[in-house]
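J.: Need a 3D model of the following:
(2 chains)
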There are 2 protein chains.
Amino acid sequence: MEKTFKNLIKTNYPYLCGSKLLLAVSGGVDSVVLAHLCHEAKLDFSIAHCNFNLRGEESDADEKFVVDLADSLEVEVYTESFDTLNFAENHKISVQMAARELRYEWFSELSSSVQFDYTLTAHHANDNLETFLINLIRGTGPEGLTGIKAEKEEIVRPLLGFSRKQIEAYARKKHYKWREDSSNASDKYLRNKIRHHIVPVLEDLNPQLLDSFAKTQQHLQESLDLVEDYLSLLYPKLVKKDKYGYAIDIEFLKKVPNQKQILYQLLKSFGFSEWNDVYDLLNAQTGKLVLSDTHRLIKDRNKLLLTEQNGNSVSKEYSLGKEEELVMIPGMGTLHINEVKKIDKASNSCIFVPERKLEFPLKIRKWKKGDFFYPFGMKGKKKLSDFFKDEKFSLPEKEHAWILCSGEEIVWIINHRADDRFAVEKSDSKILKICIT
Amino acid sequence: MEKTFKNLIKTNYPYLCGSKLLLAVSGGVDSVVLAHLCHEAKLDFSIAHCNFNLRGEESDADEKFVVDLADSLEVEVYTESFDTLNFAENHKISVQMAARELRYEWFSELSSSVQFDYTLTAHHANDNLETFLINLIRGTGPEGLTGIKAEKEEIVRPLLGFSRKQIEAYARKKHYKWREDSSNASDKYLRNKIRHHIVPVLEDLNPQLLDSFAKTQQHLQESLDLVEDYLSLLYPKLVKKDKYGYAIDIEFLKKVPNQKQILYQLLKSFGFSEWNDVYDLLNAQTGKLVLSDTHRLIKDRNKLLLTEQNGNSVSKEYSLGKEEELVMIPGMGTLHINEVKKIDKASNSCIFVPERKLEFPLKIRKWKKGDFFYPFGMKGKKKLSDFFKDEKFSLPEKEHAWILCSGEEIVWIINHRADDRFAVEKSDSKILKICIT
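T.: Residues are numbered from 1 along each chain as shown, chains lettered A, B, ... in the order given. The predicted structure is shown next:
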């Protein structure tokens, strides 16, 4: 196996040679074999061990075992102790999930603080099959059927092509010592049930199961790669970067087959769960929206706008005194006041107001329901909601609209329209130019 | 269940109402329930029963049971007896495979002779899961994971959304009689082993297994639908219909990602098994080829040519006497001889030859190794193989090349080049025009 492993590193993971590696070692046979193989292959590695404190003295003995192993291999060892049960309870997740999260978070911290290039884990072909079956039993998207990736970001799993049997046989042949995790023998966890009661039956029906399963997964992955290629091809025509997020072109989408599935592929990483509501947006009225934990998808005429959910509810107010000359408005820019001799060309981003009409300090706030103003150049007043409608503001645009007020009266919908009441008259001598840049 | 079934027909399969249906009934609980449900829903159906003669008297009793059932439902019944064991042995396939082939072939015959619009089978959700697991165990392409189709060509499976348990419970509730197939209880067949030893464990781990499995399969199918869409988009740019089959544009293919996978998708229905050989063709020399049972893929410069393997080895010869004026050449056209007063414009498809130089009957045959001729307008002789090379003939073009001979001498590579030895001279009075149309 050490020869196969060396060849594997040479052909599939040549970048591991000369890199600084962090090896996740639990003390079980898989990670112990991986540590020995990396040592044989003369890779530059350190060992990391998580003590999840789930099995009392047994957990501490595991830790001691790994520290001793590191000593005998003459490599550095990092250990960390976790209160896994507590973490699981606080985050309302399973103990296995908690261990997983704690582990990968710590590896990631360690990698950046000690500057490791890659983290290696000892996942093997049986882990992969078990994960597939867990996902299958629970129900899953196609990604859940393609299994554990041998390379993903900075994590590499060089034993993924070997079976548990191969690894154990090799460990026995080499007389390696390792620790048996007593929980592996129990049927408490779904994974163990699958390992003990399903996989042996499957392997009995096809002794070459792991090989044919690897091919099945590879074929599936290759098909799904084409889905990615297809999406990459459609993407530039279908999605435009928008000021507040992304805009999906519904008209274009309706020209391609399987629109719903494409929408799913585009949005799957944004945490939506109510997919039928998402699909219904295609034919919904402007303004309808669907929420995920992190994002919003908003129907806006012939577009679907995807924006982040960023605490819009907390709307700060700013004020601008006579003496202060500028104020920063988040997501909008900087507001300046300057006295000018005469009016030059007005624009969306600059207005001219006679000082005598203003009540200082001016207030800058988000618009609210019931707001109205007197649009510049028009007779009569108008509700802001109607103004936004006429100007075809999308929901994010409305939410990002700031208004400048003098007392209770609106002076300017910043960057959009001035108020007629504050227009400069011939007799005015002291004129202020207010600009957003 | 009869209400759910009626609604299902109305919403998913409305075309079944008013159509003439053929119902496949084994006598087992699934097909018996389907027969009763179709009867309740007042569908216009007849029953077909296959007697595979695999279980002696039991098989005959099944047949009698189904005939009686048809009588009681007052519908027509068709039965057919098969020597399944013999068929399996002759075709070197498993008994289950033999039964399957015999059944669908007979259904197809019946459908066309008695003019049924659709054939209905009683496959249910458990059959689907079992098929998935069989494919998984043996190893499969992505299609093998998406399962049994509810509608495919003229076969409809309206019970695919119901579980075996639901169907059996309904049959018991309605006090229907059915036949138990004694082979279902044995573990002789892979399917039975999966049914008895794997599915119960999976259902124990997730009681909603069949529902979540249906969703998993649906998601997978939707992803694979996108692969089809992608291929449809690439197809017109990638594949051109060619005189002898299809030509795949290698230059275009090399511009898209995952070329091998695209090649696989394009060619998967043509029976190739040596996929690495297929992929190697992309960079192989012109003339290299890969065979499947039915097709050939040939590298030809910047193309891959896909042609059928049609008994090219049997090469017929034709002869054309002085009195006969035409002869049909398969895949080529009709050869005419006419006497003309003078030479008009020659072309690839017509030559002019002095009668005196010809030895009748003329012979028409495929070219063979060692053939040579004197290309018209050139000095000296040339091997046909060199001529084809210079003219950049593809392998199918070479194979479809016919030559016209006078005695042993080549007069014309039909449709391509005349022989200089048979050129008309000034003194010639009797001139023949030979054309292929």
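
J.: tell me the SS of the spatially closest residue to A:Y318 that is not a sequence neighbour?
T.: Once flanking residues are discounted, A:Y318 sits nearest to A:I364: 4.2 Å by Cβ to Cβ, 6 or more residues apart in numbering or on different chains. All C-beta atoms are positioned from the backbone trio N, CA, C, and that covers glycine. Here A:I364 takes the strand state, with states given by DSSP: H, G, I helix; E, B strand; the rest coil.

J.: Let me know how buried the residue of the stretch 201-350 of chain A found nearest chain B is, in neighbour terms.
T.: As assessed by Cβ to the nearest Cβ, chain B sits closest to A:S212 within the stretch 201-350 of chain A, at 2.9 Å. Using other Cβ atoms under 10 Å in any protein chain shown, A:S212 has 16 neighbouring residues.

J.: my read: it touches A:E203, true?
T.: No. With contact defined as Cβ atoms under 8 Å, A:S212 does not reach A:E203; the gap is 11.0 Å.

J.: Up against chain B, what does the stretch 101-250 of chain A have?
T.: A:136-142, A:144-145, A:190, A:193-194, A:197-198, A:201-202, A:205-206, A:209, A:211-213, A:215-216, A:219-220, A:222-227, A:229-231, A:233 (Cβ under 8 Å from any Cβ of the partner chain).

J.: Assign A:G18 to helix, strand or coil.
T.: coil.

J.: Who are the packing partners of the helix or strand of chain A with the lowest mean pLDDT?
T.: In chain A, no helix or strand scores lower on mean pLDDT, DSSP states H and E than helix A:182-185, which sits at a mean of 76. Judged by 3 or more Cβ pairs under 8 Å, 6 or more residues apart in numbering or on different chains; DSSP states H and E, helix A:182-185 is in contact with helix A:190-193.

J.: helix or strand right after the helix it packs on?
T.: helix A:199-205 (DSSP states H and E).

J.: The helix or strand hosting the residue of the stretch 201-350 of chain A closest to chain B: which residues count as buried?
T.: Using DSSP H and E, A:S212 sits within helix A:209-238. By neighbour count on 16 or more other Cβ atoms under 10 Å in any protein chain shown, the buried set for helix A:209-238 is A:209-210, A:212-214, A:216-217, A:219-224, A:226-227, A:229-231, A:234, A:238.

J.: I'd like the average pLDDT over it.
T.: Helix A:209-238 shows a mean pLDDT of 93.

J.: Ok, stretch A:285-295 next?
T.: pLDDT averaged over stretch A:285-295 gives 89.

J.: Contacts for that stretch next, please.
T.: The set of residues external to stretch A:285-295 that reach it, using Cβ atoms under 8 Å, 6 or more residues apart in numbering or on different chains, is A:270-274, A:277-278, A:281, A:296-301, A:306-309, A:395.

J.: Mind doing that once more with 7 Å?
T.: Contact with stretch A:285-295 is made by A:270-272, A:274, A:277-278, A:281, A:296-301, A:306-309, A:395, as judged by Cβ atoms under 7 Å, 6 or more residues apart in numbering or on different chains.

J.: Also stretch A:47-64?
T.: Stretch A:47-64 has contacts (Cβ under 7 Å, 6+ apart) with A:22-27, A:35, A:66, A:70, A:75, A:77-84, A:95, A:99, A:102-103, A:106-107, A:110, A:179, A:182-183.

J.: In helices, which of the residues you listed fall?
T.: A:35, A:66, A:70, A:84, A:95, A:99, A:102-103, A:106-107, A:110, A:182-183 (DSSP state H).

J.: of those, buried ones?
T.: Looks like these have A:A35, A:V66, A:A70, A:T84, A:V95, A:A99, A:L102, A:R103, A:W106, A:F107, A:L110 buried, using 16+ other Cβ under 10 Å.

J.: immediately after the helix or strand where A:I262 lies, which helix or strand?
T.: Taking DSSP H and E as the definition, one finds A:I262 inside helix A:259-267. Per DSSP H and E, helix A:259-267 leads on to helix A:275-280 as the next helix or strand towards the C-terminus.

J.: Name the residues of that following helix that come out as buried.
T.: Buried residues in helix A:275-280 (16+ other Cβ under 10 Å): A:V278, A:Y279.

J.: CA atoms only for that helix, dumped as CSV, please.
T.: Output in CSV follows, covering the C-alpha atoms of helix A:275-280 (Å, rounded to 0.1, in the frame of the first residue of the first chain):
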residue,chain,number,x,y,z
TRP,A,275,-39.0,26.3,-3.9
ASN,A,276,-42.6,26.4,-5.2
ASP,A,277,-42.9,29.9,-3.9
VAL,A,278,-39.7,30.8,-5.7
TYR,A,279,-41.1,29.3,-8.9
ASP,A,280,-44.4,31.1,-8.5
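
J.: quick one on the thing from earlier: run through who's touching the least confident helix or strand of chain A.
T.: Contact partners of helix A:182-185, identified using Cβ under 7 Å, 6+ apart, comprise A:R55, A:E58, A:N192.

J.: which among the residues you listed gets closest to A:G370?
T.: Among the contacts of helix A:182-185, A:N192 lies closest to A:G370 (Cβ to Cβ), at 61.5 Å.

J.: A:I248 sits in which helix or strand?
T.: Taking DSSP H and E as the definition, A:I248 sits inside strand A:245-249.

J.: likewise A:M328?
T.: Per DSSP H and E: strand A:326-329 holds A:M328.

J.: list the helices and strands that strand packs on?
T.: Packing partners of strand A:326-329 (3 or more Cβ pairs under 7 Å, 6 or more residues apart in numbering or on different chains; DSSP states H and E): strand A:318-320, strand A:333-340.

J.: how distant is the last one from the center of its chain?
T.: Okay, so that is strand A:333-340. On the basis of Cα atoms, centre = their mean, to the nearest Å, strand A:333-340 sits 38 Å off its chain's mean C-alpha point.

J.: Same question for stretch A:389-396.
T.: 29 Å.

J.: coming back round to it: just give the number of residues close to the residue nearest to A:Y318.
T.: A:I364 has 22 neighbours, counted by other Cβ under 10 Å.

J.: can you pull the contacts of it?
T.: Here A:I364 is in contact with A:E317, A:Y318, A:L320, A:V327, A:I329, A:L335, A:W402, A:L404 (criterion: Cβ under 7 Å, 6+ apart).

J.: repeat for A:S319
T.: Taking Cβ under 7 Å, 6+ apart as the test, what A:S319 contacts is A:P361, A:L362, A:K363.

J.: could you check the distance from A:L23 over to A:F116?
T.: Note on A:L23: its distance to A:F116, by Cβ to Cβ, to the nearest Å, is 10 Å.

J.: Show me the domain layout of chain A.
T.: Per automatic domain parsing, the structural domains of chain A span A:2-205, A:232-308, A:318-436.

J.: quick one: terminal-to-terminal distance for the last one?
T.: To tie it back to what came earlier, the one meant is domain A:318-436. 14 Å (Cα to Cα, to the nearest Å).

J.: any idea how far A:C435 is from A:T79?
T.: 59 Å.
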